[in-house]
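> all I have is the shape, not the residue letters:
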Ligand SMILES: [Fe+2]
Ligand SMILES: [Fe+2]
């Protein structure tokens, strides 16, 4: 019975666009990705470079907090800051790799890093202020990535999936910091 039901709908097929496959076979000279021809490429590279700056500033802030919190004899939270620093570094690396895939140049220029970053650096010395500054930065990142996902929409699936994966981890960071805030 269910087989009959399935067959009556069989004429509505999900079909692969074979012309696109042919284009993929013959576009090796144009670089690795077809998306290079997207009219949104420049915009997406710019958004990604702003996020790269944000992630790098987050690495520096978490590292600063990791080492100063260690000095305050707070090993558990100091270790948490280091875990986050390493995860932000991996976000930065994946974003930089994607920029190159799109034919752009990742901007690692330290002179303009803070200006280009959405999130702030922070040098406060008490634990509660550190946790708070990091939570604010995570909330900023979550807001930016949520907006980026909406902006990118169907214009670049690979970039959107990358941002969705990063957003999921920023959400975890925010949840963890929020727990620390209320201890
Ligand atoms: Fe991140
Ligand atoms: Fe984060």
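On my side now, so go ahead. Note that the structure is a prediction, hence the values are computed from the model and not measured. Numbering: from 1, shown residues only. Ligands and ions are numbered 1, 2, ... in the order given.
> for residue 127, the count of nearby residues, please.
By other Cβ atoms under 10 Å, the residues close to residue 127 number 17. Just so you know, the C-beta spots here come from the backbone N, C-alpha and C atoms, and that holds for glycine as well.
> let me redo that: residue 96
Other residues near residue 96 come to 20 when the count uses other Cβ under 10 Å.
> ok, it touching residue 53?
No - counting by Cβ atoms under 8 Å, residue 96 does not reach residue 53; the two are 10.8 Å apart.
> the residue nearest to residue 92 when sequence neighbours are not counted: which element?
Closest residue to residue 92 apart from its sequence neighbours, by Cβ to Cβ, 6 or more residues apart in numbering: residue 55 at 3.8 Å. Taking DSSP states H and E as the definition, residue 55 sits inside helix 41-71.
> what residues sit buried inside that helix?
Neighbour-count burial for helix 41-71 flags 41, 44-45, 47-66, 68-69 (criterion: 16 or more other Cβ atoms under 10 Å).
> show me where pLDDT drops low in the protein?
Across the chain, residues meeting the criterion (pLDDT under 70) sit at 1-11, 27-36, 71-73.
> number of nearby residues for residue 153?
Counted by other Cβ under 10 Å, the residues lying close to residue 153 total 10.
> over to residue 76?
9.
> tell me the SS of it?
In three-state terms, and counting by DSSP: H, G, I helix; E, B strand; the rest coil, residue 76 is helix.
> up against ligand 2, what does the chain have?
138, 170, 173 (Cβ under 5 Å from the ion).
> and the angle for the strand or helix carrying residue 147 with helix 41-71?
Element membership for residue 147, per DSSP H and E: helix 127-152. Angle, helix 127-152 to helix 41-71, by axes from the mean of the first three to the mean of the last three Cα atoms, to 10 degrees: 170 degrees.
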